[in-house]
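Chemist: Structural data only, the sequence is not supplied:
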């Protein structure tokens, strides 16, 4: 529930999707019904990250003036999908939320309140917030703990949890930060936060979430390559940020 009148007129929610044909219509209808209760104008931008199944066909059939569908043929990675949707958004507040609804979208209202209370540049959904409700397998907790220690060492970010797929941004942050980003897949969350912090957007706060992680088994053949490329991408972000000073030299494409 939103508290009082919010100092913005439009919120944009980006939903990156890949192979979500089984649940996508249900997910988007749920998100739209929730958005209607926020009491402000909204748009939902679905980015189909590769037309490899019937996801695109299904979302195109959803009849709603508040839903926009973007798609491209080849899978590029979640980071690319998020960046595509964020830069196409029109909102004063622009956020993204994972498809599949492992993260309960009912938490959006509370995160929007956090934007106002803290005058935040960015609000990060966090599994470690004191009032978060999390169903999360032990192996994921171990990996997350190690990665948090690493990013704090490399980037000095005072963020308890960088990886949750629910984040909100002021429009000026999106327009300044996202045109500079390069990571298409694994470490795009930390690239966003590290670059924003380096550009002076220091007001980054976390907020509570309700998370029911549905994948409770671990497949070493899948997870080990993911861990490797996550670390590789993170090292690349560190090199560009701290050694090359790449992100500060790169001019954003738009300041609108």
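Modeler: Cool, the structure landed. Since the model is a prediction, treat every value here as computed from it, not as a measurement. Residues are numbered from 1 along each chain as shown.

Chemist: which stretches of the stretch 1-150 of the chain have low pLDDT?
Modeler: Of all residues in the stretch 1-150 of the chain, those with pLDDT under 70 make up the ranges 1-5.

Chemist: where along it do the helices fall?
Modeler: For the stretch 1-150 of the chain, the helices defined by DSSP state H, counting those that start in this stretch occupy 24-36, 55-60, 78-88, 108-117, 138-155.

Chemist: buried stuff in stretch 10-30?
Modeler: Neighbour counts over stretch 10-30 (16 or more other C-beta atoms under 10 Å) mark 11-18, 20-21, 24, 27-28 as buried. No exception for glycine: its C-beta is placed from N, CA and C like everyone else's.

Chemist: end to end, how far does that stretch reach?
Modeler: End-to-end distance for stretch 10-30: 19 Å, by C-alpha to C-alpha, to the nearest Å.

Chemist: one step back: what two of the buried residues of stretch 10-30 are the furthest from one another?
Modeler: Spatially, the most separated pair among the buried residues of stretch 10-30 is 11 and 21, at 26.4 Å (C-beta to C-beta).

Chemist: Now the helices of the stretch 1-150 of the chain in JSON lines, please, with extra columns for distance to residue 47.
Modeler: Rendered in JSON lines, the data for the helices of the stretch 1-150 of the chain read as follows (distance: least, C-beta to C-beta, whole Å):
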{"stretch": "helix 24-36", "distance to residue 47": "12"}
{"stretch": "helix 55-60", "distance to residue 47": "10"}
{"stretch": "helix 78-88", "distance to residue 47": "4"}
{"stretch": "helix 108-117", "distance to residue 47": "18"}
{"stretch": "helix 138-155", "distance to residue 47": "25"}
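
Chemist: Out of those, flag the one nearest residue 184.
Modeler: Closest approach to residue 184 among the helices of the stretch 1-150 of the chain is made by helix 78-88 (4.1 Å; C-beta to C-beta).

Chemist: Name the surrounding residues that touch the closest one.
Modeler: Counting by C-beta atoms under 8 Å, 6 or more residues apart in numbering, the neighbours of helix 78-88 from elsewhere in the structure are 14-18, 45-49, 68, 70, 72, 94, 96, 169, 174-175, 178-179, 181, 183-188, 191, 253-254.

Chemist: what does stretch 123-139 give?
Modeler: Outside of stretch 123-139, the residues within contact range by C-beta under 8 Å, 6+ apart are 103, 107, 111, 114-115, 144, 159-162, 164-168, 193, 204-213, 215-218, 223.

Chemist: which residues touch residue 89?
Modeler: With contact set as C-beta under 8 Å, 6+ apart, residue 89 has these partners: 12, 14, 43, 45, 174.

Chemist: if we can go back for a sec, the contacts of stretch 123-139 in strands, which ones?
Modeler: For the contacts of stretch 123-139, membership in strands holds for 166-168, 204-208, 210-212, with DSSP state E as the criterion.

Chemist: tell me the two of those that are most distant?
Modeler: In terms of C-beta to C-beta, the ones in strands among the contacts of stretch 123-139 reach their longest pairwise distance at 204 and 212, which sit 25.4 Å apart.

Chemist: These two - which one has more neighbours?
Modeler: Shown here are residue 204 and residue 212; by other C-beta atoms under 10 Å, residue 204 has more neighbours (22 against 12).

Chemist: quick one: that one from residue 166, how far?
Modeler: Note on residue 204: its distance to residue 166, by C-beta to C-beta, to the nearest Å, is 14 Å.

Chemist: Can you turn the buried subset of the contacts of helix 78-88 into a selection I can paste into ChimeraX?
Modeler: Buried members of these, defined by 16+ other C-beta under 10 Å, are picked up in ChimeraX with:
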select :14,15,16,17,18,45,46,47,48,49,68,70,94,96,169,174,175,178,179,181,183,184,186,187,188,191
